[in-house]
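**Student:** here is a sequence together with a model predicted from it:
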Amino acid sequence: MIRLGPLQVDHPFLLAPMAGITNSPFRRLMRQYGSSVVISELVSANGIEHASHRTLELLKFVETERPVGLQIFGEDEENLVRACQVVERMGADFVDLNMGCPVPKVVKKGGGAAMCRNPALLAPVLAAMVKSVKIPVTIKIRTGWDSGLRNAHEIVKVATDAGVAWVAIHGRTRAQGYSGLADWDFIGEVKAKSALPIIGNGDVNTPDQAVSRYKTYGVDAVMIGRGALRNPFLFEQSRDLLAGRESRPVTAERIITLLKTQRAYLSECFEGRSVMLHARKFLAWYSSGYPGAAEFRKKVFHIPEEEELWSEAIQFFEISLKKRDMSFLEEPFLMGGHG
Ligand SMILES: Cc1cc2nc3c(=O)[nH]c(=O)nc-3n(C[C@H](O)[C@H](O)[C@H](O)COP(=O)(O)O)c2cc1C
């Protein structure tokens with residue numbers, strides 16, 4: 001057990017919030033497969049009380065996801081405060097503010113990564129959010145706006161004074177988007193001076209990387225996004241490596257169990273068309289790097305019928321797992337998103 005601010009969690013490896021990906025079924029699955037905490041994708045704080053059915057769907061979670069945080073974004077203090085209260089009423093364990101989203105539509109209004117540009121304006125907003133709820137308020141930032149404004153140190157200081165519970169830092173600036181590499185030295189420097197728990201994030205794709213980032217940079221936890229899409233066993237493998245235990249090997253049988261579980265969770269949460277949409281996406285990611293993946297992906301996007309899709313997937317993993325070489329996990333993957 002480790003402490004992550006007010007939360008007591010099993011180990012320091014957790015799933016990053018990702019739009020269109022970290023929905024309730026996938027969060028549930030990843031909790032089961034070892035992520036110590038899960039966080040929803042970003043949801044707009046503006047008008048959250050009169051939100052559409054689609055937005056409210058994004059805020060739903062099931063009990064087995066706990067500890068679960070719901071992530072909001074916005075720029076207006078009143079709306080952000082109201083959104084914190086909605087999240088609290090929904091019963092989430094914490095509310096996370098997205099301050100890393102680089103998407104123009106979001107930053108133009110002053111939300112996402114733009115919130116870090118003016119720490120003096122940010123201070124009262126964070127303080128009002130923290131004051132408005134009993135659950136912890138956490139934030140997720142980047143190292144800064146661009147190479148001329150790498151002010152994560154200052155943002156962490158503002159967050160500390162406001163009573164924020166932890167800060168997750170994606171080691172790139174807003175200007176970098178997803179290019180270059182996450183700057184873990186910088187994350188380590190921020191951590192060394194921080195009174196708050198710091199969660200490091202960026203480019204962690206293997207259990208070795210997860211454990212070495214954790215130990216080398218002294219962060220309180222390591223957040224993993226894209227790496228978990230190619231290797232959904234990454235959290236349990238990282239946890240085992242840290243504990244000095246041998247991990248259970250990834251066999252075709254284990255992948256098939258995971259697929260069946262994910263299918264069940266998707267079916268409980270979504271209608272047929274959405275199940276197919278999500279199933280196709282995840283199958284394409286999970287298969288990436290396996291021999292024959294390109295051909296499999298083509299098939300996946302053309303099979304119209306759910307039963308056939310899953311049985312095709314099971315067959316694919318049974319055959320290609322035998323031929324797999326793990327080195328593909330080191331390569332860059334999925335270079336875009338909201339944080
Ligand atoms: C498709 C995609 C969607 C994302 N959506 C969000 C989001 O909703 N909220 C957020 O804070 N970060 C979001 N991110 C950023 C990730 O949380 C994470 O910071 C980033 O991917 C770097 O970590 P990684 O290298 O482990 O993937 C997204 C990233 C991707 C690739």
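**Tutor:** Arrived safely. Numbering: from 1, shown residues only.

**Student:** quick check on residue 98: phi, psi?
**Tutor:** Note on residue 98: its backbone torsions stand at phi -80, psi 120 [degrees, to the nearest 10].

**Student:** OK, contacts around it?
**Tutor:** Neighbouring residues of residue 98 by Cβ atoms under 8 Å, 6 or more residues apart in numbering: 17, 42, 71-73, 111-112, 140, 338-339. For the C-beta atoms, the positions are set from N, CA and C on the backbone; glycine is no exception.

**Student:** helices of the stretch 1-150 of the chain, start to end?
**Tutor:** 24-32, 53-59, 77-89, 104-107, 119-132 (DSSP state H, counting those that start in this stretch).

**Student:** against which helices or strands is the fourth one packed?
**Tutor:** Using 3 or more Cβ pairs under 8 Å, 6 or more residues apart in numbering; DSSP states H and E, no helix or strand is in contact with helix 104-107.

**Student:** picking up where we left off before, just the closest of the contacts of residue 98 to residue 246, please.
**Tutor:** Ranked by distance to residue 246 (Cβ to Cβ), the contacts of residue 98 are led by residue 17 at 30.6 Å.

**Student:** which of the contacts of residue 98 are close to the ligand?
**Tutor:** The residues of the contacts of residue 98 that also fall near the ligand, by Cβ under 6 Å from any ligand atom, are 17, 42, 71, 140, 338-339.

**Student:** now render those as CSV, adding pLDDT.
**Tutor:** Shown next, in CSV, are the ones next to the ligand among the contacts of residue 98 (pLDDT from 0 to 100):
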residue, pLDDT
17, 98
42, 96
71, 98
140, 98
338, 79
339, 79
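
**Student:** now, those residues that are in strands?
**Tutor:** Judged by DSSP state E, the subset of those located in strands is 42, 71, 140.

**Student:** out of those, who has the most neighbours?
**Tutor:** With neighbours taken as other Cβ atoms under 10 Å, the top of these is residue 42, carrying 29 neighbours.

**Student:** and the residue of the stretch 151-300 of the chain closest to the ligand?
**Tutor:** As assessed by Cβ to the nearest ligand atom, the ligand sits closest to residue 225 within the stretch 151-300 of the chain, at 2.8 Å.

**Student:** neighbours of that residue, how many?
**Tutor:** When neighbours are defined as other Cβ under 10 Å, residue 225 has 22 of them.
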